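1. What follows is a predicted structure for the sequence shown.
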Number of protein chains: 2
Amino acid sequence: MLDSVLVHSPATLSNLGCGFDVLGLALTAPYDTIRMWRTAVPGVRIRHLDGYCLPTDPAHNVAGVALLALLREVPEAAGFDVEITKGIRPGSGVGSSAASAVGAVVGANALLGNRFTKMQLVEFALAGEMVASGARHADNIAPGMFGGFTVVRSLEPVTDITALAAPPLWVAVVHPQIEVKTSDARRVLPATVPLGLAVRQWANVAGLVAGFLTADYALISRSLDDYIVEPARLALIPGLAEARARARAAGALGGGISGSGPSIFMLNQTEATAQAVGAAMGSVFAELGIAFNTYVGPVGTEGARVVEEVL
Amino acid sequence: MLDSVLVHSPATLSNLGCGFDVLGLALTAPYDTIRMWRTAVPGVRIRHLDGYCLPTDPAHNVAGVALLALLREVPEAAGFDVEITKGIRPGSGVGSSAASAVGAVVGANALLGNRFTKMQLVEFALAGEMVASGARHADNIAPGMFGGFTVVRSLEPVTDITALAAPPLWVAVVHPQIEVKTSDARRVLPATVPLGLAVRQWANVAGLVAGFLTADYALISRSLDDYIVEPARLALIPGLAEARARARAAGALGGGISGSGPSIFMLNQTEATAQAVGAAMGSVFAELGIAFNTYVGPVGTEGARVVEEVL
């Protein structure tokens, strides 16, 4: 039986341009690193090896809540010691809380002999995500668990996830270090949308899904734009319009706000383009005097995974 | 050089459940039969061999207008004699006008040595569709021209069509012989939709496109429903809710209003199911004392095509 595991759990993009609350994509970087030990002592003990001052009480920690939900389905006495090193900054909009929740339950499952399906693990992770975001939504959890490109149809109580292979793509993400409160990001959303605009949006959703599944990069590029949510949130992220313009000029296929921001993502066909696009977006925030991080990496074909096992 | 051609141009489904104004699917039956002769005499002469009393003045006939648009791009003196036998009833909601427009330009192109691309032919057919429906929209023309499953992103002035292969499916269509005026079908549409409902709709669009492209019949079945347009049009088609219920009970994957109605389509995995579903839907209209036709056939992998050539 495994004694300990080391898990890498990557950042994820939700919304993915036009696909608000539905589409998601797994990245390869940044990622959270989670080391876990199985213990005979029941319960969950969490240490954070990063400087983000996240709660370590399992009942208030996303990984802790997810693990407690999982342990309720484990009949024998079992517990976990957990050391989390967050590589994904909380509040950056690239699925930081989902990554910790997903990584923790993937690690726990390995320590328990892989007795749960990925869909069961999604349910446990959702309990953790609920603590962080107040919403039981799988739009970051799905790509974090399955990798690639995901479609979430959320019809309570069932979470309906379709995991699909993504074509080769390089993603550039810039995280300007400004705070976008989730409450603000939700508050600016329109209550209703004109039917014609909704049709344009779902035309793009159709085009984007078809583009991903047929590796039609031109179609992906034409279809990414979000006519509804990004315009409403534009004012929350200074520099967004300019970053988008410079990214397109540098060769990006397109992109937009990651999650509810403030990170901005751009999809690209090559690593070289993604590097140029990352630098182009960064230059906007440098000029604005806003600190930022950039991440460039390929789309993640798998989600959270065990990278080291100790017997 | 070809002297005459015989073209079959199939009916098509637009909207396709959740994909209002965007998605389309080619059928194999019913279809219009169009015989055309190339003439040295410029212009277009049309005869209808059916009983639908459609205008034969080319300037007021969908096939005629499409052919006149095509002839404007032909430098040499050329004309067409055209005999149309409509197998698709006008006003049935399965792309009757689009079929005539598409079939005519496909036939003309064959007679002219296939000098135009399908996208050019779409543009000519759109001119014809404009006469019939007052809208320059490719949602029936696209599947009629390319076959299979189509995504239309309409951003004037460009018509952006993506033609995709559809998985094997059998379609049952019932056409209750009631009139649904296009103006009424448009008038009942909501001007705005709640954002949450729009999100559910594009989640279904994402699911349906993914289901088609991965031949995931369960996903297709879960994703077909239209939360926005069909509820608004329900009152225009007596028997719709009951026909849908009986179709699902008979094993249909799902379906909805075809175009703006009154036809109702259901997708099915097998011919036997499609036959049972067609009969189940027909029984509703029989009980209501409304005359109806049913059509059952596989999805059309190609659109309008030349079935006979005479040198």
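-> Sure, I can see it. Numbers count the residues shown, from 1 in each chain, chains lettered A, B, ... in the order given.

2. ok, the closest residue to A:Ala191 other than its chain neighbours - contacts?
-> Nearest residue to A:Ala191 in three dimensions, chain neighbours excluded: B:Leu195, at 6.3 Å (C-beta to C-beta, 6 or more residues apart in numbering or on different chains). Quick note: C-beta positions are derived from backbone N, CA and C, even for glycine. Going by C-beta atoms under 8 Å, 6 or more residues apart in numbering or on different chains, B:Leu195 touches A:189-193, A:228.

3. so which of those residues is the most crowded?
-> A:Val193 (23 neighbours; other C-beta atoms under 10 Å in any protein chain shown).

4. Name the residues of the stretch 151-300 of chain A found near chain B, please.
-> Applying C-beta under 8 Å from any C-beta of the partner chain, we find that the stretch 151-300 of chain A lies next to chain B at A:151-155, A:160, A:162, A:164, A:189-195, A:198-207, A:209-211, A:213-214, A:216, A:219, A:222-223, A:228.

5. Now render the contacts of B:Leu195 as a markdown table, adding secondary structure and pLDDT.
-> Formatted as a markdown table, these follow (DSSP: H, G, I helix; E, B strand; the rest coil; pLDDT from 0 to 100):
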| residue | secondary structure | pLDDT |
| --- | --- | --- |
| A:Leu189 | coil | 96 |
| A:Pro190 | coil | 97 |
| A:Ala191 | coil | 97 |
| A:Thr192 | strand | 97 |
| A:Val193 | strand | 98 |
| A:Ile228 | coil | 97 |
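
6. quick revisit: restricted to helices, list the residues of the stretch 151-300 of chain A next to chain B.
-> A:195, A:198-207, A:209-211, A:213-214, A:219, A:222-223 (DSSP state H).

7. sec struct for A:Thr273, please.
-> Assigned by DSSP: H, G, I helix; E, B strand; the rest coil, the conformation of A:Thr273 is helix.

8. Which residues are in contact with the closest residue to it other than its chain neighbours?
-> Excluding the flanking residues, the one nearest A:Thr273 by C-beta to C-beta, 6+ apart is A:Gly251, at 4.3 Å. Residues in contact with A:Gly251 (C-beta under 8 Å, 6+ apart) are A:268, A:273, A:276-277.

9. ok so, going back, report the buried members of the ones in helices among the residues of the stretch 151-300 of chain A next to chain B.
-> Buried residues within those, counting neighbours by 16 or more other C-beta atoms under 10 Å in any protein chain shown: A:195, A:198-207, A:209-211, A:213, A:219, A:222-223.

10. quick one: A:Gln120 from chain B, how far?
-> 19 Å (C-beta to the nearest C-beta, to the nearest Å).

11. now the helix or strand harbouring that residue: mean pLDDT?
-> Assigned by DSSP states H and E, A:Gln120 belongs to helix A:118-133. What helix A:118-133 shows for mean pLDDT is 92.

12. Identify the residues contacting it?
-> A:60-70, A:73, A:97-98, A:100-102, A:104-106, A:109, A:116, A:135-138, A:140-142, A:144-146, A:159, A:161, A:182.

13. Among the residues you listed, which ones are in strands?
-> When these are checked against strands (DSSP state E), the matches are A:159, A:161.

14. From the contacts of helix A:118-133, which land in helices?
-> A:62-70, A:97-98, A:100-102, A:104-106, A:109, A:141-142, A:144-146, A:182.

15. Give me the buried subset of those residues.
-> Buried among the ones in helices among the contacts of helix A:118-133 (16+ other C-beta under 10 Å): A:62-70, A:97-98, A:100-102, A:104-106, A:109, A:141-142, A:144-146, A:182.

16. Flag every buried residue along the helix holding A:Gln120.
-> A:118, A:121-133.

17. Could you export that helix as PDB, CA atoms only?
-> Written as PDB, here are the backbone C-alpha positions of helix A:118-133 (Å, rounded to 0.1, in the frame of the first residue of the first chain):
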ATOM      1  CA  LYS A 118     -13.000  10.600 -11.500                       C
ATOM      2  CA  MET A 119     -16.700  11.600 -11.500                       C
ATOM      3  CA  GLN A 120     -16.800  10.600  -7.800                       C
ATOM      4  CA  LEU A 121     -13.700  12.600  -7.200                       C
ATOM      5  CA  VAL A 122     -15.300  15.600  -8.900                       C
ATOM      6  CA  GLU A 123     -18.100  15.400  -6.400                       C
ATOM      7  CA  PHE A 124     -15.700  15.600  -3.500                       C
ATOM      8  CA  ALA A 125     -13.800  18.400  -5.100                       C
ATOM      9  CA  LEU A 126     -17.000  20.300  -5.600                       C
ATOM     10  CA  ALA A 127     -17.500  20.300  -1.800                       C
ATOM     11  CA  GLY A 128     -14.100  22.000  -1.500                       C
ATOM     12  CA  GLU A 129     -14.800  24.500  -4.300                       C
ATOM     13  CA  MET A 130     -18.000  25.400  -2.500                       C
ATOM     14  CA  VAL A 131     -15.900  26.700   0.500                       C
ATOM     15  CA  ALA A 132     -13.700  28.900  -1.700                       C
ATOM     16  CA  SER A 133     -16.100  30.300  -4.100                       C
END
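
18. to the chain's geometric centre, what's the distance from that helix?
-> Mean-position distance between helix A:118-133 and its chain equals 13 Å (C-alpha atoms, centre = their mean, to the nearest Å).

19. what does stretch A:288-301 give?
-> 13 Å.

20. For A:Ser92, which three-state class applies?
-> Once three-state DSSP is applied, A:Ser92 turns out coil.

21. and it, what does it touch?
-> Contacts here follow C-beta under 8 Å, 6+ apart; on that basis A:Ser92 touches A:11, A:175, A:262-263.

22. again with A:Thr214
-> Residues counted as contacts of A:Thr214 (C-beta under 8 Å, 6+ apart) are B:164, B:213.

23. and if you look at A:Arg47?
-> Listed by C-beta under 8 Å, 6+ apart, the contact set of A:Arg47 reads A:56, A:81-84.

24. can you rerun that using 6 Å?
-> A:Glu83 (C-beta atoms under 6 Å, 6 or more residues apart in numbering or on different chains).

25. Per-residue pLDDT of it, please?
-> Note for A:Arg47: predicted pLDDT of 95.

26. Quick check: the gap between it and B:Pro42.
-> A:Arg47 sits 86 Å away from B:Pro42, going by C-beta to C-beta, to the nearest Å.

27. what helices or strands is the top strand by length along chain A leaning on?
-> Taking DSSP E as the criterion, chain A has its longest strand at strand A:23-39. Helices and strands touching strand A:23-39, by 3 or more C-beta pairs under 6 Å, 6 or more residues apart in numbering or on different chains; DSSP states H and E, are strand A:4-14, strand A:79-85, helix A:96-111, helix A:141-146, strand A:292-298.

28. C-alpha coordinates for the helix or strand following that strand, PDB please?
-> Next helix or strand after strand A:23-39 toward the C-terminus (DSSP H and E): strand A:43-48. C-alpha atoms of strand A:43-48 as PDB (Å, rounded to 0.1, in the frame of the first residue of the first chain):
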ATOM      1  CA  GLY A  43      -9.100  13.100   9.900                       C
ATOM      2  CA  VAL A  44      -7.100  15.600   7.900                       C
ATOM      3  CA  ARG A  45      -4.200  17.700   8.900                       C
ATOM      4  CA  ILE A  46      -3.000  20.400   6.500                       C
ATOM      5  CA  ARG A  47       0.200  22.400   6.300                       C
ATOM      6  CA  HIS A  48       0.800  25.100   3.800                       C
END
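
29. tell me which residues in strand A:43-48 are buried?
-> For strand A:43-48, using 16+ other C-beta under 10 Å, the buried residues are A:44, A:46, A:48.

30. so what's the second one up against?
-> By C-beta under 6 Å, 6+ apart, the contact set of A:Ile46 is A:56, A:58, A:61, A:64, A:82.

31. what pairs with it across the strands?
-> A:Val82 (DSSP bridges).

32. In the stretch 1-150 of chain A, which residue sits closest to chain B?
-> Using C-beta to the nearest C-beta, the closest approach of the stretch 1-150 of chain A to chain B is made by A:Val22 at 4.5 Å.

33. what sits against that residue?
-> A:152, B:203, B:206 are the contacts of A:Val22 under C-beta under 6 Å, 6+ apart.
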